[in-house]
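>>> With the sequence up front, the predicted model follows.
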Amino acid sequence: MLAFDGVTVDFGDGPVFDRLDLAVAPGRLVALLGRSGCGKTTSLRLAAGLVAPASGRVENRFRRTATVFQEPRLLPWADATDNAAFGLAALGVGRDERRARAAGLLTGFGFAPGDLGKRPAELSGGMQSRVAIARAFAVEPDLVLMDEPFAALDVGLRRELQDLVREAVERRGTAALFVTHDVTEAIRLADRILVLSPRPARVVLDAAAAPTADPAAIHAAAASFLALPAVRGALLER
Ligand SMILES: Nc1ncnc2c1ncn2[C@@H]1O[C@H](COP(=O)(O)OP(=O)(O)OP(=O)(O)O)[C@@H](O)[C@H]1O
């Protein structure tokens, strides 16, 4: 379980949050929606222990937390397999074993055998994102923190990778805190959707959801979601 209880953060220019509460239960994917600058990335950094709360409490009881960033952040000199295996080296897994495990994951994520030895510069943006996702799942985390990992990709690719992430968390029972500013992405993926107000952010909506890949259902849900005054105020109105 990850829990924030009345959390505030202050970088020296006033509070980022107005007492933020959130919870991510094991095996659940929680989407955090909010406009630019409201504190979404800061929430992930709090969960990862990279930022300390000025007040309130952050409790991360998951055994192992992995992060997927907005950019793939791959090592340019290492091939796809070594990049995906990166976290396993820190866990003391031997080279052959970690390459075998990483290659298995990459293959499951759509890599052809001939692409496993390619360096990042030889891979498309979508393939680089697959490596970054594989790198996170390779360490068998029970919590994955995802910071708008598909924001830079085109719509078709984004859908493919959204499905891949949903499938990966379901199959492994991994919990995820998924930051996005895209309502349809949240509806497609999340078991629970939290909407943050602009800074100082607080949760203006905390809704149970049912992930779906059906385009008509996603668009209908997005329309009803955006019709809620609390959501409109937080995401759309100036
Ligand atoms: N290290 C830092 N030092 C000072 N201010 C910071 C720092 N990190 C974040 N902030 C400020 O805290 C607020 C929240 O930033 P954060 O990056 O969490 O927002 P965000 O919701 O993720 O934005 P975006 O959607 O644009 O990525 C912003 O006003 C930002 O300028």
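Received the coordinates, thanks. Numbers count the residues shown, from 1 in each chain.
>>> and the most centrally placed residue in the chain, what element?
Taking Cα atoms, centre = their mean, the centroid of the chain lies closest to residue 146, which sits 1.6 Å from it. Using DSSP states H and E, the element containing residue 146 is strand 143-147.
>>> hmm, who's touching whatever helix or strand comes next after that strand?
The C-terminal neighbour of strand 143-147 among helices and strands, as given by DSSP H and E, is helix 155-172. For helix 155-172, the external contacting residues (Cβ atoms under 8 Å, 6 or more residues apart in numbering) are 27, 29, 109-110, 125-126, 129-130, 133, 137, 140, 144, 146, 149-150, 153, 174-176, 178, 185, 188-189, 211, 213. The C-beta positions use only the backbone N, C-alpha and C, and glycine is treated the same way.
>>> now those residues: which count as buried?
Buried members of the contacts of helix 155-172, counted by 16 or more other Cβ atoms under 10 Å: 29, 109, 126, 129-130, 133, 137, 144, 146, 149-150, 153, 174-176, 178, 185, 188-189, 211.
>>> Narrow those residues to those in helices?
126, 129, 130, 133, 137, 185, 188, 189 (DSSP state H).
>>> ok, the last one to the ligand distance?
Yep, that's residue 189 we're talking about. Distance, residue 189 to the ligand, using Cβ to the nearest ligand atom, to the nearest Å: 17 Å.
>>> Likewise for the fourth one?
Between residue 133 and the ligand the computed distance is 19 Å (Cβ to the nearest ligand atom).
>>> what bridges to the nearest residue to that residue once chain neighbours are set aside?
Closest residue to residue 133 apart from its sequence neighbours, by Cβ to Cβ, 6 or more residues apart in numbering: residue 68 at 5.8 Å. For residue 68, the beta-bridge partners are residue 146 (DSSP bridges).
>>> Quick one: residues contacting residue 68.
132, 133, 136, 144, 145, 146, 147, 149.
>>> just those residues now: which is nearest the ligand?
residue 147 (7.3 Å; Cβ to the nearest ligand atom).
>>> Now do the closest one against residue 133, distance only.
12 Å (Cβ to Cβ, to the nearest Å).
>>> In terms of pLDDT, where does the most far-flung residue of the chain relative to its centre sit?
Going by Cα atoms, centre = their mean, the residue of the chain most distant from its centre is residue 96, 28.7 Å out. We have a pLDDT of 96 for residue 96.
>>> what's in contact with the helix or strand that contains it?
In this structure, residue 96 sits in helix 95-108 according to DSSP H and E. Applying Cβ under 8 Å, 6+ apart, the contact partners of helix 95-108 are 80-85, 88-89, 93, 111, 113, 115-116, 130-131, 134-135, 137-138.
>>> do stretch 181-189 as well
Taking Cβ under 8 Å, 6+ apart as the rule, stretch 181-189 contacts 29, 31, 33-36, 40, 148, 150-151, 158-159, 162, 165-166, 178, 180, 193, 209, 211-213, 218-219, 221-222, 225-226, 231, 235.
>>> and the ligand, which of those contact it?
By Cβ under 6 Å from any ligand atom, the members of the contacts of stretch 181-189 lying near the ligand are 34, 36, 40.
>>> Excluding chain neighbours, what is closest to the last one?
Excluding its sequence neighbours, the residue lying closest to residue 40 (Cβ to Cβ, 6+ apart) is residue 179, at 4.2 Å.
>>> what's the spacing between that neighbour and the ligand?
Here residue 179 is placed at a distance of 7 Å from the ligand (Cβ to the nearest ligand atom).
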